[in-house]
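1. Build me a model:
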Amino acid sequence: MFLDLKIENVVTSDSQWSDSDVASYKAKKDNIAIRLEEYLLNGNNLLDAEKIQQSVFPETEIDVFISHSHNDEEQAIRIALSLEKIGLKPFVDSCVWGYADELLQKIDNKFCIPSGWENYSYALRNRTTTNVHLILNAALQQMIHRSELFVFLGTESSIKIDEYMSDTERLSSPWIFSELMFARNVKRTERKQLQYEMSMESYRKLEEAAFDSKHVEFRYLLPQSTYSMDYEQFKKWLSSYTLPDDSDFIGRISGLHHVDKLYTELGVDAKLLEAPRMQLRNYTV
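-> As a prediction, the model looks like this:
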């Protein structure tokens, strides 16, 4: 992960994405829940985070990890759809933890009622709950590590203000707490570089097609612990992008260049943004 960003004052607003678009995205991501359920309900499989990662989350490319509360799922999906439109590969965290309770009940029904019993075994239920939560949490942390940008949606649903100390923010979700703590402490990586085999002339043309030199002006907050941006400013950044009429590869390169503009507006050290987004392989004629 290269950078973590908190989007402040996120509110439900008019969006180019319809309820039907959101439903389609949910249906597509339900495949993750299905794969996860099938893996964990197979008594022959191991409760191993790495194996679950390989079996349930085979996608290797994640550009943006979106952390949000349960009540903000549709808003998170609309943001994910907008990120996909500019060529990026987002991941919405509720694709994992949103099914945790339902999944645990199915696991408990299968493994936690001893022969001859009518009710769950307290000891077995504690074991399954602890293991499943830890494994799902480990899988989420691996997804965060593999992403470049971690985005947390700060809304009234995710943060509660302590009634005694108005300046103290308290998280209402243990999943969010874990994700934020991991994002704060995880080792930072360099920005993504995409590898492509081509001649230098083709590379120059591709860069010209993918990179838009226009500079977008924002105001932003810069807390000491993390980067922060107001939701309206974040929406302006999203809407300022024009998708090139070309291949998916160029679209993703262009999307990553657009993410660099976001980093610049957040005040990221320019030296950290010097590396090119595309790494050329040896090309022979």
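
2. Now Arg252: closest residue in space, sequence neighbours ignored.
-> Ranked by Cβ to Cβ, 6 or more residues apart in numbering and with sequence neighbours excluded, the top spatial neighbour of Arg252 is Gly87, at 4.5 Å. For the C-beta atoms, the positions are set from N, CA and C on the backbone; glycine is no exception.

3. and the one you found, how many neighbours?
-> 23 (other Cβ atoms under 10 Å).

4. ok, Arg277 - contacts?
-> 191-194, 210, 253, 256-257, 260 (Cβ atoms under 8 Å, 6 or more residues apart in numbering).

5. Swap in 7 Å and give it another go.
-> When contacts are counted by Cβ atoms under 7 Å, 6 or more residues apart in numbering, Arg277 touches 193-194, 253, 256-257.

6. of these, closest to Arg125?
-> Using Cβ to Cβ, Leu256 is the member of the contacts of Arg277 that lies nearest Arg125, at 44.7 Å.

7. Not including adjacent chain positions, what is the nearest residue to the closest one?
-> Of all residues not flanking Leu256 in the chain, Arg277 sits nearest, at 4.9 Å (Cβ to Cβ, 6+ apart).

8. State the distance from the one you found to Leu266.
-> In this view, Arg277 and Leu266 are 17 Å apart by Cβ to Cβ, to the nearest Å.

9. Low-confidence regions, the stretch 51-200 of the chain specifically.
-> 51-60, 98, 159-172, 196-200 (pLDDT under 70).

10. Could you rerun that using 90?
-> For the stretch 51-200 of the chain, the stretches flagged by pLDDT under 90 are 51-62, 68-73, 93-111, 127-143, 146, 154-187, 193-200.

11. got the residue ranges for the strands in it?
-> 64-67, 90-92, 149-153, 159-161, 169-171, 194-197 (DSSP state E, counting those that start in this stretch).
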